[in-house]
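Visitor: 3D, please:
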Amino acid sequence: MKWFFWGLLGVNLVLLVWNWQHAGPQVNVDTRSPAAITIVGPRLVLLQELDVSLSERSAVAAPRSLPGMKPTGPGAKSLIAQQRDVSDAGVAVIPAVSCLRLGGLESQAIVASVARALSRGGATVRRQGDEVGEITRYWVMLPPAATAAAAMPALERLQRAGIKDFYLIRSGENANAISLGVFSGEASAQRRIQQIRELQLVAHIEAITLPAKRWWLEFEWPNDGVGKGWRTLLPAELRGTQPLACQ
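Guide: I've put the predicted structure just below:
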């Protein structure tokens with residue numbers, strides 16, 4: 001029993017010495033300053049320092065914002081401020097193309113012709129359609145005679161001169177007047193007036209409003225700084241058409 005006791009004690013002493021030699025970092029306390037503590041071993045990192053380090057690494061490694069993404073991070077405020085400065089300076093962002101609507105076209109064939117001309121010139125025709133509206137026409141006529149027989153000399157003079165497209169109106173408020181044609185433009189009607197005046201006949205123009213189906217089309221045109229280049233692609237009689245913005 002005595003040898004067993006001394007053997008057990010020796011083992012405990014060896015374990016005590018081994019544990020002391022392999023213990024964690026030693027702490028040396030300076031008795032002159034209780035607050036001064038020196039840690040031997042790896043430096044401990046405070047949680048506050050860890051947060052700062054992570055934020056700094058994130059700022060350095062953060063990728064640039066992709067187009068369309070809202071800017072974030074330390075430079076976001078300055079970027080937004082720059083954009084606001086541009087807006088305040090009155091600099092407008094001009095879209096790459098304008099969408100225009102041409103209306104009042106008289107037939108589907110004209111719409112097809114205009115669409116082809118615009119497409120060849122670089123425009124993109126988006127859509128087209130028709131609508132019911134009113135049109136103004138210019139009716140050229142000789143004033144009503146007292147009777148149909150009284151209108152016959154004027155009819156004979158027109159026939160001898162080779163004038164076409166005239167007829168005697170038989171009823172209505174213009175009964176016994178001679179129609180000389182209905183024209184889409186006032187200039188054309190004035191030319192007809194001049195032709196009839198050479199025959200020593202006095203005609204007049206009456207503007208009338210008629211219900212009619214009209215056609216329209218919408219197209220995209222690149223902004224060229226002037227915005228009128230597409231007009232040169234249209235037939236001469238349509239170049240004065242005023243476009244509207246697409247609906």
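Visitor: On the C-terminal side of the lowest-mean-pLDDT helix or strand in the chain, identify the next helix or strand.
Guide: Lowest mean confidence among the helices and strands of the chain (mean pLDDT, DSSP states H and E): helix 76-88, at a mean of 43. On the C-terminal side of helix 76-88, the nearest following helix or strand under DSSP states H and E is strand 97-105.
Visitor: Partner strands of that next one and their direction?
Guide: strand 204-222 (antiparallel), strand 244-245 (antiparallel) (DSSP bridges).
Visitor: most tightly surrounded among the ones you listed?
Guide: strand 204-222 (a mean of 15; mean count of other CB atoms under 10 Å). C-betas here are computed from N, CA, C, even on glycine.
Visitor: Alpha carbons only: can I get that strand in CSV?
Guide: Taking C-alpha atoms only, strand 204-222 is exported to CSV below (Å, rounded to 0.1, in the frame of the first residue of the first chain):
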residue,chain,number,x,y,z
HIS,A,204,-69.0,79.3,-106.7
ILE,A,205,-67.6,76.9,-104.1
GLU,A,206,-69.7,75.4,-101.3
ALA,A,207,-67.9,73.7,-98.4
ILE,A,208,-69.7,70.5,-97.3
THR,A,209,-69.1,68.1,-94.5
LEU,A,210,-69.4,64.4,-95.2
PRO,A,211,-69.2,61.3,-92.9
ALA,A,212,-66.3,59.1,-93.9
LYS,A,213,-64.0,56.4,-92.8
ARG,A,214,-60.4,57.6,-92.3
TRP,A,215,-57.2,55.6,-91.8
TRP,A,216,-54.2,56.2,-89.5
LEU,A,217,-50.9,54.6,-88.7
GLU,A,218,-48.3,54.9,-85.9
PHE,A,219,-44.6,54.7,-86.5
GLU,A,220,-41.3,55.2,-84.6
TRP,A,221,-38.7,57.6,-85.9
PRO,A,222,-35.2,58.2,-84.6
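Visitor: if I pick residue 235, what's in contact with it?
Guide: Contact analysis of residue 235 by CB atoms under 8 Å, 6 or more residues apart in numbering lists 113, 114, 117.
Visitor: before we move on, the earlier item: for residue 150, find the nearest of the strands paired with strand 97-105.
Guide: Closest approach to residue 150 among those (CB to CB): strand 204-222, 17.7 Å.
Visitor: And for the residue nearest to residue 143 when sequence neighbours are not counted, the neighbour number?
Guide: Nearest residue to residue 143 in three dimensions, chain neighbours excluded: residue 177, at 6.0 Å (CB to CB, 6 or more residues apart in numbering). Using other CB atoms under 10 Å, residue 177 has 23 other residues around it.
Visitor: Residue 177 is in contact with residue 141, isn't it?
Guide: Yes - assessed by CB atoms under 8 Å, residue 177 is found in contact with residue 141 at 5.0 Å.
Visitor: so what sits against both of these two?
Guide: Counting by CB under 8 Å, 6+ apart, the common neighbours of residue 177 and residue 141 are residue 169.
Visitor: Tell me where the model's unsure across this protein.
Guide: Judged by pLDDT under 70, the chain has its weakly predicted residues at 1-6, 11, 17-96, 224-228.
Visitor: go with 80
Guide: The model of the chain has pLDDT under 80 over residues 1-97, 223-228, 247.
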